[in-house]
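1. fold the following, please.
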Amino acid sequence: MNPSAAPSPSLLAADAGATVRRLSRCVGDGELDSPAEMYRVLGALRLLADDLTHLLPALQSRLEEGLLSGRVTAHGGGEVAATWDSVGEVGRALAHARTVALLMTKELENSQVALRDLAAP
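-> The predicted model follows:
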């Protein structure tokens, strides 16, 4: 496989968002009509939320690596302290988002457990 032909991370993220929006339209249009299918959807969404709990720290690590290597600087060559402060702010926000994703993962699992009896054949 040609590495230059691989989609960029931003394109992959946009594709994931588009897929979630398509799913939302399907559910809104009534295409989710059985507890068994809903159980499977909740399971897939739980895995997606769990994947986010791993992705968010990786994003922060890449940003910190870029900062330490000099690849990440303030736009226009601003102050070094401002760049470090910005990276710190991103880190705090990503840590909070990870906590929310962990909670979402657990609540989706709880929803799936509660639906289990209805979804049984």
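2. packing partners for the helix or strand hosting E89?
-> Element membership of E89, judged by DSSP states H and E, is helix 80-119. When contacts are defined as 3 or more Cβ pairs under 8 Å, 6 or more residues apart in numbering; DSSP states H and E, helix 80-119 sits against helix 35-69. Every C-beta, even on glycine, is put in place using the N, C-alpha and C of the backbone.
3. the helix it packs on packs against which elements?
-> Judged by 3+ Cβ pairs under 8 Å, 6+ apart, the packing partners of helix 35-69 are helix 9-28, helix 80-119.
4. mind listing what's buried in the last one?
-> Read that as helix 80-119. Neighbour-count burial for helix 80-119 flags 83, 86-87, 90-91, 94, 97-98, 101, 104-105, 108, 111-112, 115, 119 (criterion: 16 or more other Cβ atoms under 10 Å).
5. how far is it from where the chain is centred?
-> Relative to its chain's centre, helix 80-119 lies at 8 Å (Cα atoms, centre = their mean, to the nearest Å).
6. likewise for the first one?
-> Average the C-alpha atoms of helix 9-28, do the same for its chain, and the two points are 11 Å apart (Cα atoms, centre = their mean).
7. how much space separates the most centrally placed residue in the chain from L103?
-> With distances taken as Cα atoms, centre = their mean, L52 lies nearest the centre of the chain, 3.7 Å away. Distance from L52 to L103, counting by Cβ to Cβ, to the nearest Å: 11 Å.
8. how about Y39?
-> Distance of Y39 to L103, computed by Cβ to Cβ: 20 Å.
9. these two touch, right, T73 and A82?
-> No: counting by Cβ atoms under 8 Å, T73 does not reach A82; the two are 9.8 Å apart.
10. joint contacts of those two?
-> By Cβ atoms under 8 Å, 6 or more residues apart in numbering, T73 and A82 have no common neighbours.
11. that older thread, how about the residue nearest to the centre of the chain: what's its closest non-neighbour residue?
-> A101 (4.2 Å; Cβ to Cβ, 6 or more residues apart in numbering).
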